[in-house]
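Trainee: Provided below are the primary sequence and the corresponding predicted coordinates.
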Amino acid sequence: MKRVAILISGGGSNMAALADSMTGDHPARPVLVLSNDPAAAGLEKARARGIATAAVDHRGFGGDRAAFEAELLKPLEAAAPDIVCLAGFMRVLTAAFVARFEGRMLNIHPSLLPRYRGLNTHARAIAAGDREAGCTVHEVTAALDDGPILGQARVPILPGDTAETLAARVREMEHRLYPAVLRRFAAGDRTPVWLS
């Protein structure tokens, strides 16, 4: 049984979708939900599911990413995860941190990578006149929103869509895609999952 740690910064909706999927014959189980914000609503969702939680407030490190990550590693390594899932974790991780979990750290990004790395993905897709948007699960590498793609889900961009309405439809697909990719990945299969 693979051990999964999930890193969050906010409400934890993707974390909840992942945790709720890891039951029955699933090859993995959640062992830790870790946040950079002690007030993140997702921590309470994790506790309600009986998952161990920890928080390391990044604001106490004055922008010293190495010092922040050294503290973040303490609860993370204590949980001994086989897989680390970034689920709305809004801190950019250093190459040294990523290297520790190379080949076993996943992230979900709200665009059809390689398009729209970084922030404001939905507004950028609408502004570009794209006909579809979506989300991508990928292995984490030192480059931002890069790494081998393990799955994508597509949604149409509708006339009159705003960044908010598009984000809501993409989020529904995120909650389907990320659990599907994790299940496959935890079983040792890196074949991409495609949803539409």
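Mentor: Here it is on my side, so go on.
Trainee: what's the spacing between residue 156 and residue 173?
Mentor: Residue 156 is 11 Å from residue 173, where distance means Cβ to Cβ, to the nearest Å. Every C-beta, even on glycine, is put in place using the N, C-alpha and C of the backbone.
Trainee: Could you give me the buried positions within the helix or strand hosting residue 174?
Mentor: For residue 174, the host element (DSSP states H and E) is helix 163-186. Residues of helix 163-186 classed as buried: 163, 166-167, 169-171, 173-186 (neighbour count, 16 or more other Cβ atoms under 10 Å).
Trainee: likewise stretch 120-131?
Mentor: Under 16+ other Cβ under 10 Å, the buried positions of stretch 120-131 are 121-122, 124-126, 130.
Trainee: re the thing from before, mind checking how far the helix holding residue 174 is from the chain centre?
Mentor: Distance of helix 163-186 from the chain centroid (Cα atoms, centre = their mean, to the nearest Å) equals 10 Å.
Trainee: re earlier: export the buried residues of stretch 120-131 to CSV and append columns for distance to residue 34, pLDDT and secondary structure.
Mentor: As requested, these are exported to CSV (distance: Cβ to Cβ, whole Å; pLDDT from 0 to 100; DSSP: H, G, I helix; E, B strand; the rest coil):
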residue, distance to residue 34, pLDDT, secondary structure
121, 24, 97, helix
122, 27, 97, helix
124, 29, 97, helix
125, 30, 98, helix
126, 33, 98, helix
130, 34, 98, coil
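Trainee: ok, the closest residue to residue 193 other than its chain neighbours - contacts?
Mentor: Using Cβ to Cβ, 6 or more residues apart in numbering and skipping the chain neighbours, the partner closest in space to residue 193 is residue 151 (3.6 Å). Contact partners of residue 151, counting by Cβ atoms under 8 Å, 6 or more residues apart in numbering, are 136-137, 177-178, 180-181, 192-195.
Trainee: go on, residue 178?
Mentor: Residues in contact with residue 178 (Cβ under 8 Å, 6+ apart) are 14, 17-18, 85, 87, 106, 108, 137, 151.
Trainee: any low-confidence regions in the protein?
Mentor: Counting by pLDDT under 70, the chain contains no low-confidence range.
Trainee: can you give me the strands in it?
Mentor: 2-8, 28-35, 53-55, 83-86, 105-109, 132-139, 149-156, 193-195 (DSSP state E).
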